[in-house]
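> Turn this into a model:
(chains A and B)
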There are 2 protein chains.
Amino acid sequence: MNLKSPKYIQISEEIISRITSGELQPGDKIPSENELIKTYKISNTTARKSLQEIELKGWGTRIKGRGTFVLNTTEDKHLTRTLGSIFTTRSGFDANLIKEGFVPKNIILEKSILDTGISIEINGHFYIIEGPVVKIHRLRYANDVLMKDETRYISLKICPKINMLETSKAYFSIYEEKYKLKIVDMKQTLSAVIFTQKTVDNYFESPVPLPVFLLDSAIFISTGKVVEIEKSYYRGDKYKFLIIAKPEIFNP
Amino acid sequence: MNLKSPKYIQISEEIISRITSGELQPGDKIPSENELIKTYKISNTTARKSLQEIELKGWGTRIKGRGTFVLNTTEDKHLTRTLGSIFTTRSGFDANLIKEGFVPKNIILEKSILDTGISIEINGHFYIIEGPVVKIHRLRYANDVLMKDETRYISLKICPKINMLETSKAYFSIYEEKYKLKIVDMKQTLSAVIFTQKTVDNYFESPVPLPVFLLDSAIFISTGKVVEIEKSYYRGDKYKFLIIAKPEIFNP
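Okay, the predicted model is just below:
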């Protein structure tokens, strides 16, 4: 009886040690079946099982017709949010967190009516919502960690009495379902800032300086009017933003 | 002879002083023609000229059928770049800076060929360019200030000998014009980090901590293959990113 591991395990372990040592880097090609057969004088079954073992253990990924490649195993703990897509925005902040296994919590800091209206500058253009406007400033938590400091301004002319509705539902679905609005455009900018303990109105209680995203956004309905302006801060050590181009917008 | 300014100038100056004092805030509505007529007992011509004067001096903007609103006059010195649009990406980094009145400068730190290929993780997916790949690491300046620390990896299988071309042209136009490739998709993520003087490989010689955007990007051609992977750092105190949604992508 042979107490040593099977040949394919030995070979896979040798290759994995080349990955953990850094000799093979994420994205590098792992030797092919044919190369393994030559190098180790093994059968093609053993070679195939070696590569499967590397994949099973999460060190590589097989790409059809191209080979097996080293995966990046340093886990990225950022939550990713897609910008420029109403389809994904529609699902709402809390619903996304729940899907990711977090317990969302909201604290409303301010809910007030501004008679004077509100404006936002995006790429040199000013977008205005005439008053009255409801301002909702709230802190959004995941498992008791503040993730987003969110301020929305919503037109009460376009959405009468929206200030009377509960705030737990995604506003997008309220615009569409309750007010029958057609959202036709969104313009958003992302800035990067540093929040320290000296920053005024910094709610993120971090002892170390934090990179923070500032998201400015305007949402347009079919009449061309702005229904909502948002000015929010996202913890940069927790979030990442994804932008996907679509063929339709390549030649506007 | 009356040495005082004309009535409409006096009225416009009074309103502008209400803006500079902060009584009227950006986005606030400036009193309408009718309100001015009532308040100051003036003709509608004078009222109209008062509002025009405020607009001319850059303190307000008139929105048809809605009135005149206070403009935000704190100048935003960030350069804005559009993400998710090949149309704007096509014009290239240097060309954009020149359009904005800057003198661009490039320093190539590394230009090498990687036989092993390269991978990138975007939103949990790994995208791979098989080797050989040309890696181009360069520093991009505007008026001698480092704006972007850029690293691109380009497939030499898809773009043979692209490493032999000069690097001053936008790569997008090279892919399209020289290699006749059709760019069909782009996936990009933005992260926010803080660069201090202790950060390894921080080329942004800033004495104070800087907010920095990390842009990860993969560019796809019509065969589904990745032609270019980019991993670049943008100075967060100089840049802002714009994302525009288009109706076509609302229901993918």
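
> Every contact and neighbour count from this point should use C-alpha atoms.
OK.

> Going by contacts, tell me the helices and strands next to the helix or strand hosting residue A:243.
Using DSSP states H and E, residue A:243 sits within strand A:239-245. Helices and strands touching strand A:239-245, by 3 or more C-alpha pairs under 8 Å, 6 or more residues apart in numbering or on different chains; DSSP states H and E, are strand A:79-83, strand B:183-195.

> hang on, residue A:127 is in a strand, isn't it?
Yes - Residue A:127: assigned to a strand according to DSSP: H, G, I helix; E, B strand; the rest coil.

> Can you tell me which residue is spatially central in chain A?
The centroid of chain A falls nearest to residue A:80 when counting by C-alpha atoms, centre = their mean (1.4 Å).

> Identify the bridge partners of that one.
Residue A:80 forms beta bridges with residue A:240, as assigned by DSSP bridges.

> List the contacts of it.
Neighbour list for residue A:80: A:239-242, B:123 [criterion: C-alpha atoms under 8 Å, 6 or more residues apart in numbering or on different chains].

> wait, what's in contact with residue A:6?
By C-alpha under 8 Å, 6+ apart, residue A:6 has no neighbours at all.

> For stretch A:226-238, list every residue counted as buried.
By neighbour count with 16 or more other C-alpha atoms under 10 Å in any protein chain shown, stretch A:226-238 contains the buried residues A:226-238.

> Same check on stretch A:84-96?
Under 16+ other C-alpha under 10 Å, the buried positions of stretch A:84-96 are A:84-86, A:89-90, A:93-96.

> Of those residues, which is the nearest to chain B?
residue A:84 (4.3 Å; C-alpha to the nearest C-alpha).

> thinking again about what came up before, residue B:59: which of the helices and strands packed on strand A:239-245 is closest?
strand A:79-83 (32.2 Å; C-alpha to C-alpha).

> chain center to the closest one: distance?
2 Å (C-alpha atoms, centre = their mean, to the nearest Å).

> tell me the mean pLDDT for that strand?
Average pLDDT, strand A:79-83: 88.

> Please apply the same query to stretch A:87-101.
pLDDT averaged over stretch A:87-101 gives 84.

> Next up, the contacts around the residue lying closest to residue A:244 once chain neighbours are set aside.
Spatial nearest neighbour of residue A:244, chain neighbours left out: residue B:187 (4.8 Å); criterion: C-alpha to C-alpha, 6 or more residues apart in numbering or on different chains. Residues in contact with residue B:187 (C-alpha under 8 Å, 6+ apart) are A:242-245, B:84, B:122, B:217-219.

> Which of these sits closest to residue B:45?
Looking across these and measuring by C-alpha to C-alpha, the closest to residue B:45 is residue B:84, at 47.3 Å.

> Would you confirm that that closest one contacts residue B:184?
No - contact criterion C-alpha atoms under 8 Å: residue B:84 and residue B:184 do not qualify, at 11.5 Å.

> export the contacts of residue A:80 to JSON lines and tack on pLDDT?
Formatted as JSON lines, these follow (pLDDT from 0 to 100):
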{"residue": "A:239", "pLDDT": "94"}
{"residue": "A:240", "pLDDT": "93"}
{"residue": "A:241", "pLDDT": "94"}
{"residue": "A:242", "pLDDT": "92"}
{"residue": "B:123", "pLDDT": "83"}
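
> Can you add neighbour count and distance to residue B:141 and give these back as CSV?
Listed next are the contacts of residue A:80 as CSV, based on neighbours: other C-alpha atoms under 10 Å in any protein chain shown; distance: C-alpha to C-alpha, whole Å:
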residue, neighbour count, distance to residue B:141
A:239, 20, 28
A:240, 22, 26
A:241, 20, 25
A:242, 22, 26
B:123, 18, 30
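
> any chance of these in TSV, with distance to residue A:146 too?
Listed next are the contacts of residue A:80 as TSV, based on distance: C-alpha to C-alpha, whole Å:
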residue	distance to residue A:146
A:239	12
A:240	15
A:241	17
A:242	21
B:123	22
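
> Closest to residue B:61 out of those residues?
Among those, and counting by C-alpha to C-alpha, the member closest to residue B:61 is residue A:241, at 32.8 Å.

> contacting residues for the closest one?
A:80-83, B:189-191.

> Could I get the average pLDDT for the helix or strand containing residue A:14?
Per DSSP H and E: residue A:14 is located in helix A:7-20. Mean per-residue pLDDT for helix A:7-20: 84.
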